[in-house]
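**Student:** sequence-free structure coming up:
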């Protein structure tokens with residue numbers, strides 16, 4: 001079973017059916033798949049057409065980093081930051097200067113330097 005799980009996680013199949021005596025325990029150890037179907041009463045076709053968790057699943061090994069299409073794919077995620085205490089962020093400023101220079105982004109490094117005390 002360990003070898004099967006390792007192979008499955010490497011392949012990241014679109015559909016993964018676990019039909020073993022201890023199917024839930026095996027399924028809990030699997031990490032990379034598009035859709036997971038647990039137990040002998042469950043089958044990929046039931047997920048696609050009956051129960052309906054999803055029919056649009058990642059293929060070609062992309063299950064290693066993404067899941068099936070869902071409502072979350074249509075949400076807009078926005079990130080933001082605010083720094084009110086210039087003194088408290090100086091370690092981050094210095095880290096940013098170093099990282100920007102390591103990446104060859106001199107303009108970014110200079111922008112970070114402008115935030116030094």
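**Tutor:** Sure thing, it's come through. Bear in mind that the values here come from a model prediction, so they are computed numbers and not experimental data.
**Student:** okay, CA-based contacts and neighbour counts for the rest of this
**Tutor:** OK.
**Student:** residue ranges of the strands in this protein, please?
**Tutor:** Assigned by DSSP state E, the strands in the chain fall at 15-18, 35-38.
**Student:** need the longest helix for this protein.
**Tutor:** Selection of the longest helix in the chain by residue count, based on DSSP state H, yields helix 90-102.
**Student:** show me what counts as buried in it.
**Tutor:** Burial within helix 90-102, assessed by neighbour count using 16 or more other C-alpha atoms under 10 Å, is assigned to 90, 93, 94, 96, 97, 98, 100.
**Student:** re earlier: need the winner for burial among the strands of the chain.
**Tutor:** strand 35-38 (a mean of 22; mean count of other C-alpha atoms under 10 Å).
**Student:** rewinding a little: save the strands of the chain as CSV, and put in mean pLDDT and distance to residue 66 too.
**Tutor:** Listed next are those as CSV, based on pLDDT from 0 to 100; distance: least, C-alpha to C-alpha, whole Å:
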stretch, mean pLDDT, distance to residue 66
strand 15-18, 94, 14
strand 35-38, 92, 11
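**Student:** tabulate those strands (JSON lines), appending distance to residue 29.
**Tutor:** Shown next, in JSON lines, are the strands of the chain (distance: least, C-alpha to C-alpha, whole Å):
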{"stretch": "strand 15-18", "distance to residue 29": "11"}
{"stretch": "strand 35-38", "distance to residue 29": "12"}
